[in-house]
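Q: Below are the sequence and a predicted model for it; my questions follow.
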Amino acid sequence: MSKKEKLTERVLSIPNDLKWSEFTTFMGHYGYVVLDKKGGSSHCKFYNIDSDTLINSCKPHNPKIVQRHIIEQTVDKLKESGDL
């Protein structure tokens, strides 16, 4: 099983301890990049140029663990857009 497959399996299990770095790597595997944000806001956007899909997210504060509802919403949006 490849690293991409392992990470995808982990994200799809909606873990309680998913790090932001793992989350951004996962999104990158599916062609999403973080759009530059301005200011000190924790809100960020992931964009996929191939599917022209924009996914809003919220960067976690301390600890750098992504909240479960953010993971669930992102997975749902990826499935909706056909990227996952």
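A: The structure has been received and is ready for your questions. Numbers count the residues shown, from 1 in each chain.
Q: where does the chain dip in pLDDT?
A: Scanning the chain for pLDDT under 70 picks out the ranges 37-40.
Q: would you list every one of the strands in the chain?
A: Here the chain has its strands, by DSSP state E, at 32-34, 43-48, 53-58.
Q: Go through these and name the closest to Leu78.
A: Comparing the strands of the chain against Leu78 with CB to CB, the closest turns out to be strand 53-58 (7.6 Å). Bear in mind the C-beta positions are built from the backbone N, C-alpha and C, glycine included.
Q: Which of the residues in the closest one are classified as buried?
A: Using 16 or more other CB atoms under 10 Å as the test for burial, strand 53-58 gives Thr53, Ile55, Ser57.
Q: how far is it from where the chain is centred?
A: Taking CA atoms, centre = their mean, to the nearest Å, one finds strand 53-58 lying 8 Å from the centre of the chain it belongs to.
Q: Over to stretch 44-60?
A: The chain centre lies 8 Å from the centre of stretch 44-60; the measure is CA atoms, centre = their mean.
Q: and what of stretch 33-50?
A: Relative to the centre of its chain, stretch 33-50 is centred 11 Å away, using CA atoms, centre = their mean.
Q: ok, and what's touching it?
A: With CB atoms under 8 Å, 6 or more residues apart in numbering as the test, stretch 33-50 has contacts from 24, 27, 30-32, 53-61, 74, 81, 83.
Q: and the angle from the helix ranked longest in the chain to strand 43-48?
A: When the chain is parsed with DSSP state H, its longest helix is helix 68-81. Going by axes from the mean of the first three to the mean of the last three CA atoms, to 10 degrees, helix 68-81 is angled at 30 degrees with respect to strand 43-48.
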